[in-house]
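Q: What follows is a predicted structure for the sequence shown.
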Amino acid sequence: MRILALILAGSPSWVPGLAPLRRTTRAFSYNKQLGVASDILLSVPLRHGHVELPPRTDGFSRVLDLALPEGRCVGIRLPKPNLLSDEALQAVLLAKSGQTGALEGREKLKALLELDLEELNAAMGMSAWERAPFLAGRTALRACLAAHGQESVGPILKNKFGAPSLPFHVSGSISHKTPVALALTAPCCERRGKVFLGVDIEQRTRPGSIDISRRVLTPREREEVSQNLLGERVPPESEVLLRFSLKESLYKAVHPVLQRYISFSECEVQPMADGGTKIKMMLEPGLEQSPAVDGARDVTLRVEAHWCTLGGEDDRPKAPVDSDPSSAQPRFFLTSAAAWLEPNS
């Protein structure tokens, strides 16, 4: 079996409101005996820039609704853990069963009525700290799916890898970092088939943080970071975390295709100032074993990733409210990725 893999870094043509993809690509071949030889692909200019988070809002309120190159991204405010006691969830379950007065005085929990009963029951078996990201993530994911007309997807639990369990025809990913849970979804595209998505949010590196560069970056990536190509807005110590986040998003997108662990050394990423990403994949053999290939003899694996910054939030650490967004260090990095297989013509 021969599988041709193609690495992309740009905006997909199927996202409304974005310019068609200008492709400058290099393909690399996949062979069961020889593994993968890969090459770099230049990114397409995108103007993501910086996204402000609103002032403090109540738990489960929507704080973001973005059109990213990979799809729609919704952010939901994480509630405080004490809001999600056993008694509170029991009240939500009673309200779901038709007892309209069960949530009297608990208006903040009404957003949970949009969730499936199995999701609420699963949350009952979690600690209060686990419940907040689980429920807020699914609230965000269902808001995204509703925007695409995909409301009837059944319960969204966790699969054996910890990712949200979704029907095969639905693409979605979840990430969270206090104070927000994010979800990314995209509409189905018959021409491209199944598109696998990944989203990640990471807080910028604080002074004195542990250096993880040798664990998550290759020697070439560490050399690029030392050049500080992104300027003072993303200093080297924060760029390490940005590259880590891009790899996390790519992992989430590619993992359903490969169905195996993907190490940090199998992928190199270089974030560009315009929001695009240069990507170099060095995947080990295994694609032909993927259920996603579904018997195809020759297919193309396409991958892309983008990033933007989030900041201006209400508490630590943040960019000053009166600072220039083009120069102030962001509070968060938001990264997104997509992967899909195409038959070779």
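A: Arrived safely.

Q: Flag the shaky bits of the stretch 201-345 of the chain, pLDDT-wise.
A: The model of the stretch 201-345 of the chain has pLDDT under 70 over residues 206-208, 285-297, 312-330, 345.

Q: Going along the chain, name the helices of it.
A: 213-216, 219-226, 236-258 (DSSP state H, counting those that start in this stretch).

Q: can you tell me which of those helices comes nearest to residue 175?
A: Among the helices of the stretch 201-345 of the chain, helix 236-258 comes nearest to residue 175, with 7.8 Å by Cβ to Cβ. C-betas here are computed from N, CA, C, even on glycine.

Q: Next, the angle from the closest one to helix 219-226.
A: Counting by axes from the mean of the first three to the mean of the last three Cα atoms, to 10 degrees, helix 236-258 points 140 degrees away from the direction of helix 219-226.

Q: Helix 236-258 - contacts with which helices or strands?
A: Applying 3 or more Cβ pairs under 8 Å, 6 or more residues apart in numbering; DSSP states H and E, we find helix 236-258 packed against strand 171-177, strand 195-203, helix 213-216, helix 219-226, strand 267-271, strand 299-311, strand 332-343.

Q: coming back round to it: please work out which of the helices of the stretch 201-345 of the chain is packed deepest.
A: Among the helices of the stretch 201-345 of the chain, ranked by average contacts under mean count of other Cβ atoms under 10 Å, first place goes to helix 236-258 (a mean of 23).

Q: Tell me how far the spatially most distant residue from the centre of the chain lies from residue 88.
A: Farthest-out residue of the chain from its mean C-alpha position, per Cα atoms, centre = their mean: residue 101, at 37.0 Å. From residue 101 across to residue 88, the span is 15 Å (Cβ to Cβ, to the nearest Å).

Q: related to what we said a few turns ago, and the helices of the stretch 201-345 of the chain as a markdown table, adding distance to residue 50?
A: A markdown table is the format used below for the helices of the stretch 201-345 of the chain (distance: least, Cβ to Cβ, whole Å):
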| stretch | distance to residue 50 |
| --- | --- |
| helix 213-216 | 24 |
| helix 219-226 | 21 |
| helix 236-258 | 13 |
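
Q: and of those, who's closest to residue 73?
A: In terms of Cβ to Cβ, the element of these nearest to residue 73 is helix 236-258, at 11.3 Å.

Q: so who does the residue lying closest to residue 307 once chain neighbours are set aside touch?
A: Among residues not flanking residue 307 along the chain, residue 335 sits closest, at 4.6 Å (Cβ to Cβ, 6 or more residues apart in numbering). By Cβ atoms under 8 Å, 6 or more residues apart in numbering, the residues touching residue 335 are 199, 200, 201, 202, 242, 245, 246, 248, 249, 305, 306, 307.

Q: how about a cut-off of 10 Å?
A: By Cβ atoms under 10 Å, 6 or more residues apart in numbering, residue 335 lies in contact with 68, 70, 175, 198-202, 242-250, 252, 269, 271, 277, 305-308.
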